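In: Mind looking at a prediction? Sequence and model below.
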Amino acid sequence: MATIFTKIINGEIPSYKVAEDENYFAFLDINPNAKGHTLVIPKQEVNKIFDLDESTYSGLMSFAYRVAKALEKSVVCKRIGMSVVGLEVPHVHVHLIPITIMDDMRFTKKEKLSNEEFVALASSIARNFE
Ligand code: AMP
């Protein structure tokens, strides 16, 4: 069965998309630790990050690098934190989190955003994506 993230890639489930190419996709986390919390995923459906083949893994990191640059231009923060967990959704995803305090990296701290805020954030990050 397709993962929820594959359904997002295929447009069967809506998302706040920030970037996409042939092999990778980035969108806002629906339950963000901090404003701008973004997930970067390979289109290939693989559960665990170190089960990716090395070139897909490297491509994912390069794509995440470009998304992080766009995030830094779009959100006020001290830096972009990066984390890989994957206990909830069995489809590789890199969390990119604009952080100001250590708690922004804890998945127990959550930010409530309106639909309008998500839309504005996604379009700002998309504009800054190169
Ligand atoms: P984890 O698998 O523990 O790394 O966490 C999965 C992440 O995916 C969580 O931060 C969720 O908030 C996020 N998430 C789950 N479903 C969606 C969705 N439909 N759209 C955006 N983010 C999601």
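Out: That came through fine.
In: bridging residues for the residue nearest the centre of the chain?
Out: For the chain, the residue nearest the mean C-alpha position is residue 39 (1.4 Å; CA atoms, centre = their mean). For residue 39, the beta-bridge partners are residue 27, residue 95 (DSSP bridges).
In: part of a helix, is residue 80?
Out: No. Residue assignment for residue 80, taken from DSSP: H, G, I helix; E, B strand; the rest coil, gives strand, which places it outside any helix.
In: Grab the nearest non-local neighbour of it.
Out: residue 68 (4.5 Å; CB to CB, 6 or more residues apart in numbering). For every residue, glycine as well, the C-beta is placed using N, CA and C.
In: what about residue 27, neighbour count?
Out: 24 (other CB atoms under 10 Å).
In: Oops, could you answer that again for residue 34 instead?
Out: Per other CB under 10 Å, the neighbour tally for residue 34 reads 20.
In: can you pull the contacts of the nearest residue to it once chain neighbours are set aside?
Out: Nearest non-adjacent residue to residue 34, counting by CB to CB, 6+ apart: residue 104, 4.3 Å away. By CB atoms under 8 Å, 6 or more residues apart in numbering, residue 104 lies in contact with 33-34, 77, 81, 97-98.
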